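1. here is a sequence together with a model predicted from it:
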Amino acid sequence: MQFIIKFSAFFYISVISSGLAGAQKSIDIDDVNITSKLLTGISVPNQEEITSNGFWRKHQEDMSKAWSRYKKSNLLPMKSWSEKYLSEIQQSKETLRYPFSGPDILHALYMFPDTDHYILCGLEPVGSVPESSILKGESSEQALKEIRTILEESLRFSFFKTLDMRAELSDAIYEGTLPIMCLFLSGAGYEIKKIEKLLLNKDGTVENLGAKKIRSDAVQITAEDQQGKPIKISYFKTNIANGYINKSGFIKYLQSLPKGISYVKAASYLMHKNYFSEIRSHLLSSSSAIIQDDSGIPIKHFPNKRWNIQFFGKYTAPIDLFKEHYQVEMRDLSENQPIKLPFGTGYKWRKGQSNLILANYVKNGKPPKAILASINKLKKKPTPTPTPTPEKNNSSNQTFNLQSLDLQLRLLAKSVIDEETAKENKNAFIMNQYLIISNNTGSEELIGGKINVVRAGLINGRVVKEKPIGSIFSVKLSPLKKYPSLLNWTIKNDLTVSKKETIYIPTQS
């Protein structure tokens, strides 16, 4: 009996070893790019065996319509919104943490185009690299139908349904998240350069297993955009509920990364629950900024003194499936900071019904320097004015005296110099809105109110760089009307400001 056991063990090990040796063929990146484009609906030269097939031509027609419609309604508006509100928080090209993402690299690419490394995770398997040979065989029609079914949710609703996706990706001919991520990269105009399988150790270290056709629970894709900018996407099949996230080593891996931006969308309100507190705490402690919809971290976990939150879109209530996660804090943000969101996202995916917040981490004790050194060029001695009468500021319901103010401010919303303004003007102001954090004179008056301030956004035809949302300034202000020589400057105003409101200008920073 002992001999039989030893022989069986040896036989088992031999079979596994020979199977791995036979499976460890190198990934053909050229074929991956060809296949990904074909699955996306993009015609590829010298692939007539596939592209002449009626099944593929039908697939191309359907995919072309879906891509065109979704880029126009969602992806391009998302990119424009990101350029306006997120460009400066991406300047350091930080790593993006995107938990609960599944294979959704598509929205991350358009929302955060300047990122170098995207970290994705989900419960869905990595699967195999997409190969064109499948599209030449008998299962080609079924494979293309499956791809359209899998993508229908993402290109219509902006998210995948977790349970449906896990089953669909596991049973599909093009199985797993890897083919979908490759497809999204091709659809976004990227060329895949390398695919390497990874091994996540319990101590948080990651081993590179190389570009082999082997099974693994983690993968890294290297790609380049049309300008040659390289990016990396790392996907981990892992459970990030409490306990599991420590056991797998994934939380240790995340902790080894520098602080960066985090993105949360359609996350099933899991971080509202105690058993997802570990990933929630990690994001709050390791993020320089968090962009999320209301299904992400509850607003009550963002301390006011540590985070500046800007609300976009509309908040009513979660969909019926998650109706118990209504947040009064989100309602208040929605009412107090109504800034339009030009695209749909999350569970309430229709444009005009969606919401996002931008939460910027505020460094305690290290506020950025004051607004604009070049504004000193604009300083002029104020002309004598009659004793001012109090004037009401509608944006904050505070009574601001028309005398100069000495305040500490936090940037809430800002306007942006666009190409048209830059072409038509040599000099121009931009209108910004600030929250009054403190009154540097020692008075508690005005604290908590909002104030509208113009600053030089264009000087001698040169666009002046702006600080990111959430930045803090100590600055002295005077009403703009006290400087008649500046009143003829164009003011680029993307905010809603009443003509009755007092507009201020920095006179000393």
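-> All right, it came through fine.

2. low pLDDT regions in this protein?
-> Within the chain, the stretches falling below the threshold (pLDDT under 70) are 1-24, 92, 153-170, 337, 364-403, 442, 497-499, 508-509.

3. can you give me the helices in it?
-> Assigned by DSSP state H, the chain shows helices spanning 2-23, 29-40, 48-51, 54-70, 76-85, 105-111, 140-157, 162-171, 177-187, 244-247, 250-255, 277-286, 328-336, 419-424.

4. okay, the ones you listed, which one's buried deepest?
-> When you average the neighbours per residue for each of the helices of the chain (mean count of other Cβ atoms under 10 Å), helix 177-187 leads with a mean of 26. Where C-beta positions appear, they are placed from N, C-alpha and C, glycine not excepted.

5. which residues are contacting that one?
-> Contact partners of helix 177-187, identified using Cβ atoms under 8 Å, 6 or more residues apart in numbering, comprise 32-33, 35-37, 39-40, 42, 67, 102-106, 109, 120, 122, 124-130, 147, 150-151, 169, 192, 195, 219, 221, 223, 233, 235, 237.

6. kindly report the same for stretch 270-278.
-> Counting by Cβ under 8 Å, 6+ apart, the neighbours of stretch 270-278 from elsewhere in the structure are 100, 240-242, 245-246, 251, 264, 279-280, 283, 296-298, 325.

7. which two of those lie the greatest distance from each other?
-> Across these, no pair lies farther apart than Asn246 and His325, at 25.3 Å, counting by Cβ to Cβ.

8. which residues touch Gln408?
-> In this structure, Gln408 makes contact with 367, 436-440, 472-475, judged by Cβ under 8 Å, 6+ apart.

9. tell me the two of those that are most distant?
-> Of all pairs drawn from the contacts of Gln408, the one with the largest separation by Cβ to Cβ is Pro367 and Asn439; the distance is 15.4 Å.

10. may I see the buried residues of stretch 255-272?
-> Burial within stretch 255-272, assessed by neighbour count using 16 or more other Cβ atoms under 10 Å, is assigned to 260-272.

11. buried residues of the longest strand seen in the chain, list them for me.
-> Here the longest strand in the chain is taken by residue count, with DSSP state E as the criterion, and it is strand 428-439. By neighbour count, and taking 16+ other Cβ under 10 Å as the criterion, the buried residues in strand 428-439 are 428-438.

12. touching, Asp294 and Tyr315? I think so.
-> Yes - under the contact definition of Cβ atoms under 8 Å, Asp294 touches Tyr315, with a separation of 6.3 Å.

13. between those two, which has more neighbouring residues?
-> Remark: of Asp294 and Tyr315, Asp294 carries more neighbours, 33 against 24, as counted by other Cβ atoms under 10 Å.

14. show me how the protein divides into domains.
-> Using automatic domain parsing, the domain parsing of the chain gives 23-361, 373-508.

15. bridging residues for Asn452?
-> Listed by DSSP bridges, the beta-bridge partners for Asn452 are Gln433, Ile503.

16. wait, it sits on Met431?
-> Yes - counting by Cβ under 8 Å, Asn452 touches Met431, with 6.2 Å between them.

17. what's the closest of the buried residues of stretch 255-272 to Ala359?
-> Ser262 (9.1 Å).

18. and Lys467, how far from Val475?
-> Taking Cβ to Cβ, to the nearest Å as the measure, Lys467 falls 12 Å from Val475.

19. what about those two, which has more around it?
-> Val475 (23 against 18).

20. pretty sure that one sits against Leu411.
-> No - counting by Cβ under 8 Å, no contact exists between Val475 and Leu411, whose distance comes to 11.0 Å.

21. rewinding a little: including distance to Ser52, could the buried residues of stretch 255-272 go into TSV?
-> As requested, the buried residues of stretch 255-272 are arranged in TSV below (distance: Cβ to Cβ, whole Å):
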residue	distance to Ser52
Gly260	46
Ile261	45
Ser262	46
Tyr263	41
Val264	44
Lys265	39
Ala266	38
Ala267	43
Ser268	43
Tyr269	48
Leu270	46
Met271	49
His272	52
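
22. quick check, nearest of those residues to Arg57?
-> Taking Cβ to Cβ as the measure, Ala266 is the one of the buried residues of stretch 255-272 closest to Arg57, at 32.8 Å.

23. state the phi and psi torsions of Gln226.
-> Dihedral angles of Gln226 (phi, psi; degrees, to the nearest 10) stand at phi -70, psi -20.

24. make 728 the first number, not 1, from now on.
-> With 728 as the first residue, the last one maps to Gln953.

25. contact partners for it?
-> By Cβ under 8 Å, 6+ apart, the contact list for Gln953 reads 916-917.

26. what's the spacing between it and Phe1003?
-> Between Gln953 and Phe1003 the computed distance is 38 Å (Cβ to Cβ).

27. likewise for Lys929?
-> In terms of Cβ to Cβ, Lys929 sits 20 Å off from Phe1003.

28. look at these two and report which has more neighbours.
-> Counted by other Cβ under 10 Å, Lys929 and Phe1003 do not tie: Phe1003 has more neighbours, with 21 against 11.

29. list just the nearest of the buried residues of strand 1155-1166 to Lys1075.
-> Checking the buried residues of strand 1155-1166 against Lys1075 with Cβ to Cβ, the nearest one is Gln1160 at 26.1 Å.

30. isn't the closest one up against Lys1177?
-> Yes - using Cβ under 8 Å, Gln1160 makes contact with Lys1177 at a distance of 5.8 Å.

31. how close does the closest residue in space to Leu1134 that isn't next to it in sequence sit to Pro1045?
-> Once its chain neighbours are removed from consideration, Leu1134 has its nearest residue in Ile1163; the separation is 5.4 Å (Cβ to Cβ, 6 or more residues apart in numbering). Distance check for Ile1163 against Pro1045: by Cβ to Cβ, it reads 33 Å.
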